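# Need a 3D model of the following:
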Amino acid sequence: MQVAIRKMGNSQGVLIPKPILAQVGLEGAADLQVRDGVIEIRAVRRDPREGWADDARRLAEPGGDALVWPELANAGDADLVW
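From the prediction side, this is the model:
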């Protein structure tokens with residue numbers, strides 16, 4: 001579908017037909033990103049913890065939990081008993 005880019009105040013925008021918004025579940029707010037030269041508009045994630053399990057698995061992979069800056073430590077860290 002070809003749409004016109006319109007001036008909206010100091011910005012420009014595109015009107016998205018209501019059936020398309022309903023089809024993808026957009027209402028109220030949306031997540032807007034540019035990836036590889038493409039504008040993506042997605043529904044905002046409803047669950048704030050969505051994806052945590054995948055991230056935890058990724059971090060648990062060998063070396064995934066390594067220190068980012070292992071050379072930085074506090075004085076006396078070697079004396080701590082864990």
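# which phi and psi does residue 57 have?
Main-chain dihedrals, residue 57, degrees, to the nearest 10: phi -60, psi -40.
# who's in contact with the spatially most central residue of the chain?
Nearest to the geometric centre of the chain sits residue 31, at 8.3 Å (Cα atoms, centre = their mean). Residue 31 makes contact with 40, 41, 42, 43, 44, 45, according to Cβ atoms under 8 Å, 6 or more residues apart in numbering. (C-beta placed from N, C-alpha, C; glycine too.)
# Please report the distance of it from residue 25.
Counting by Cβ to Cβ, to the nearest Å, the gap from residue 31 to residue 25 is 12 Å.
# Residue 4 too?
Residue 4 is 25 Å from residue 25, by Cβ to Cβ.
# between these two, who's got more neighbours?
With neighbours defined as other Cβ atoms under 10 Å, residue 4 and residue 25 compare such that residue 25 has more, 11 against 8.
# Contacts only, for the more buried one.
residue 43.
# on that earlier part again, just give me the closest of the contacts of residue 31 to residue 8.
residue 41 (15.4 Å; Cβ to Cβ).
# Would you mind listing the buried residues in the lowest-mean-pLDDT helix or strand in the chain?
Least confident element among the helices and strands of the chain, by mean pLDDT, DSSP states H and E: helix 52-60 (a mean of 87). Within helix 52-60, no residue is scored as buried using 16 or more other Cβ atoms under 10 Å.
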